[in-house]
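Visitor: My questions are about this predicted structure, shown below with the sequence.
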Amino acid sequence: MTGIFLGLGSNLGDRLTNLRRGLAELSATKAVQVVNCSSVYEAEPVGYQQQPWFLNLAVEIDTLLDPFQLLTYIQRVELRVGRKKNFRWGPRILDIDLLYYGDWVINHPRLAIPHRQLKLRRFVLLPLQEIAAQFLHPECQQSVAELAAVCPDTSQVIWFLSAANLLQIAGK
């Protein structure tokens, strides 16, 4: 299935290493394969401001897992990389969000697809636009590029490192 997108972010410790480890852990099973990766962007925190800036990227994956199985797998990856649960929008070693699962729409207490905050976050939309500018949001039928153009978020998001350099450093 195409059009399955994840957002990865880190703002504690060695942020680039955390993202690289997250990518490696995501691909550690045959059930998940990273097929496309955006550049890395540095972004000021949104919500709770008293924390370090984040590094963020977006990936497209191919998977044999259904959305709930994928969510469970993602949460295990976060834990393996060292994430500790704290408070909402707080600092973290690794955060992985399931942004889109094709054209699926799920509103469940455990999982919302598309991600509920997607349209309101530049740090999600800018990396995602790099790899999926024309992908349509299944509810509002706007492309990622259109959503990025009208996003109300004014926080700073700055290009940081190309995907090629990230993957080369990671040994891919």
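Guide: Ah, there it is.
Visitor: low-scoring pLDDT stretches of the protein, where are they?
Guide: For the chain, the stretches with pLDDT under 70 are 1, 87-89, 169-172.
Visitor: which stretches of it form helices?
Guide: For the chain, helices defined by DSSP state H occupy the ranges 15-26, 67-81, 122-132, 144-150, 163-169.
Visitor: if you compare those, which one is most tucked away?
Guide: helix 122-132 (a mean of 24; mean count of other Cβ atoms under 10 Å). For every residue, glycine as well, the C-beta is placed using N, CA and C.
Visitor: Show me what it is packed against.
Guide: strand 4-10, strand 32-37, strand 40-43, strand 54-63, strand 95-101, helix 144-150, strand 157-161 (3 or more Cβ pairs under 8 Å, 6 or more residues apart in numbering; DSSP states H and E).
Visitor: could you dump the ones you listed to a markdown table with distance to Ala132?
Guide: Shown next, in a markdown table, are those (distance: least, Cβ to Cβ, whole Å):
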| stretch | distance to Ala132 |
| --- | --- |
| strand 4-10 | 6 |
| strand 32-37 | 8 |
| strand 40-43 | 15 |
| strand 54-63 | 7 |
| strand 95-101 | 8 |
| helix 144-150 | 5 |
| strand 157-161 | 16 |
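Visitor: any idea which of these is most buried?
Guide: Sorting these by mean neighbours (by mean count of other Cβ under 10 Å), the first place falls to strand 4-10, with a mean of 26.
Visitor: and Asn107, which of the helices and strands packed on helix 122-132 is closest to it?
Guide: Evaluated with Cβ to Cβ, the helices and strands packed on helix 122-132 place strand 95-101 nearest to Asn107, the distance being 12.8 Å.
Visitor: when you compare where that closest one runs with where helix 67-81 runs, what's the angle?
Guide: Per axes from the mean of the first three to the mean of the last three Cα atoms, to 10 degrees, the angle that strand 95-101 makes with helix 67-81 is 160 degrees.
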